[in-house]
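Asks: pasting a predicted model and its sequence here:
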Amino acid sequence: MIKVNFFAALREALNCNETQLEVNEPVTVEQARLLLIESNPSWAKSLTNNSLLTAVNQELVQDDFIVNPNDELAFFPPVTGG
Amino acid sequence: MIKVNFFAALREALNCNETQLEVNEPVTVEQARLLLIESNPSWAKSLTNNSLLTAVNQELVQDDFIVNPNDELAFFPPVTGG
Amino acid sequence: MSTNIPNDRIVIQTADFDHGDEVNLLESDNNEDGAVVTFCGRVRNNNLGLDVKGLTLEHYPGMTEKSLQNIVNTAREKWSLGRVTVIHRVGKLLIGEQIVFVGVTCKHRGDAFAANEFIMDFLKVKAPFWKKELTNQGEKWLDAKSSDTNKAQEWKSE
Amino acid sequence: MSTNIPNDRIVIQTADFDHGDEVNLLESDNNEDGAVVTFCGRVRNNNLGLDVKGLTLEHYPGMTEKSLQNIVNTAREKWSLGRVTVIHRVGKLLIGEQIVFVGVTCKHRGDAFAANEFIMDFLKVKAPFWKKELTNQGEKWLDAKSSDTNKAQEWKSE
């Protein structure tokens, strides 16, 4: 199982803070994204927004990064702190 | 009359804070320097040190700058504040 | 340098901080570093022509601290730094309130300026914080600025 | 911005100053400028391998203030700045004591960093201050550093 977090505008657009993906083997970030859309078709537009950033285990990663079961995955908009 | 100030290491080398040059017409900074050496030959080495800076009326100037009677002239080493 | 004061101080908090206290902490028991550079960012009363009344700062607990530590570590690889403090507030903030503090001590002022600006530039594009502004036209998530992306990029081409 | 607080604060004094108070002054009644950058220089316990016990700072009264105002004016021509504070101490100073403070407020952080470093770089080579260090080998006037001359030169070639 992969824990998935959403933040800020994306969290509000999906109306979801946190969900999980039931997978038992490694998937890429891109595959994880498609699995999430499969389970929640209404998320398609928000989750395929090109500007979204992705973190695995709290480190920024690219779409081809491998996510393992028990990893923590997060999607969020470009950051605006400081 | 031109008022002349010396600062820091130069002031100590000349053993003089302030002196005056009795001139009634404009001179260049270089001429002023030579007049000072004429009246105080022992100052020659310290006053011809290439690294010295010169200010007229509290603004940094070059050797060909014109000093008028009643101006304030100052010689000092490179600055080391901050 | 005293071993009682750790060289990195990275804090995420809702409470305000005191600029003077932070500088004292950076300088206390530290007679080697002649230079201290601080940056403090506050909530402005204007943005893109809108009246701003305040903002809410959301973050990704855990990743935020990791990300800031990574940025500070990278700065330490580039420059020989003394102490580094990074404080970022989260939650609701009003106009004029302090948002972020970065303080760097160093033997040489050039390194302190560069490292402080580097940390801010990367905090702006890497650390998981998001601002939602309350303006006279309602609440709105801030868009990321391409000028911030460009600033961070410039360090890479050095 | 309030008209009660002048935009430039340039002070030469023997007394110490309070970093926090100076930041408060820069920020008070100022909700337009989101960025504040400060530099503070202190007496280090080491220089070129010698143990430093303290130093005496001499200056050229009158010219010092003029020179600092000129530097601040030039910075204001290059960047759009809010408030600027420059404080420089003179007289006898011990290890760890504060020597100089430069604070700049600005809408944008990049300008605040650049202007602050510009003011320090030119203060170092233009403002008539001289340091005499008391080391374990006696008193000695500091030599100007070519690295400081180079730093100031770099701004001209921009």
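Replies: Okay, I see it. Numbering: from 1, shown residues only, chains lettered A, B, ... in the order given.
Asks: give me the number of residues near whichever residue of chain C sits closest to chain B?
Replies: Per C-beta to the nearest C-beta, residue C:109 is where chain C lies closest to chain B, at 8.0 Å. For glycine as for every other residue, the C-beta is placed from the backbone atoms N, C-alpha and C. The local packing of residue C:109 (other C-beta atoms under 10 Å in any protein chain shown) involves 25 other residues.
Asks: for chain C, give the residue positioned nearest to chain D.
Replies: Nearest to chain D, among the residues of chain C, is residue C:20, at 1.9 Å (C-beta to the nearest C-beta).
Asks: does that residue count as helix, strand or coil?
Replies: Classification of residue C:20 using DSSP: H, G, I helix; E, B strand; the rest coil returns helix.
Asks: likewise the one 10 residues further on?
Replies: Here residue C:30 is coil, with the state taken from three-state DSSP.
Asks: thought it was touching residue C:104?
Replies: No - contact criterion C-beta atoms under 8 Å: residue C:30 and residue C:104 do not qualify, at 11.9 Å.
Asks: list residues touching both of the two?
Replies: C:82, C:83 (C-beta atoms under 8 Å, 6 or more residues apart in numbering or on different chains).
Asks: more crowded one of those two?
Replies: residue C:104 (29 against 21).
Asks: OK, contacts around that one?
Replies: C:36-38, C:75, C:81-85, C:112, C:115-116, C:119.
Asks: among those residues, which are in strands?
Replies: Among the contacts of residue C:104, DSSP state E puts C:36, C:37, C:38, C:81, C:82, C:83, C:84, C:85 in strands.
Asks: how far away is residue A:39 from chain D?
Replies: Per C-beta to the nearest C-beta, to the nearest Å, residue A:39 is found 42 Å from chain D.
Asks: ignore what I typed, I meant residue A:26.
Replies: Look at residue A:26 and chain D: by C-beta to the nearest C-beta, they are 41 Å apart.
Asks: which pLDDT does the model give that residue?
Replies: The score at residue A:26 is 97. That number is its pLDDT.
Asks: do the one 10 residues further on as well
Replies: Each residue has a pLDDT score; the one for residue A:36 is 98.
Asks: now it, what's its secondary structure?
Replies: Classification of residue A:36 by three-state DSSP places it in helix.
Asks: so it makes contact with residue A:4?
Replies: Yes - taking C-beta under 8 Å as the definition, residue A:36 is a contact partner of residue A:4 at 6.8 Å.
Asks: who touches both of the two?
Replies: Common contacts of residue A:36 and residue A:4 (C-beta under 8 Å, 6+ apart): A:19, A:21.
Asks: contacts only, for the closest residue to chain C within chain A.
Replies: Going by C-beta to the nearest C-beta, chain C is nearest to residue A:81 of chain A, at 2.5 Å. Listed by C-beta under 8 Å, 6+ apart, the contact set of residue A:81 reads C:57, C:59, C:88, C:99, C:100, C:123, C:124, C:127, C:128, C:129, C:130, C:131.
Asks: residues contacting the residue nearest to residue C:143 when sequence neighbours are not counted?
Replies: Among residues not flanking residue C:143 along the chain, residue A:80 sits closest, at 7.4 Å (C-beta to C-beta, 6 or more residues apart in numbering or on different chains). Residue A:80 makes contact with C:129, C:130, C:131, C:141, C:142, C:143, C:144, C:145, according to C-beta under 8 Å, 6+ apart.
Asks: tally of neighbours for the residue of chain A found nearest chain B?
Replies: Closest contact between chain A and chain B, by C-beta to the nearest C-beta, is at residue A:82 (28.5 Å). A count of nearby residues for residue A:82, using other C-beta under 10 Å, gives 24.
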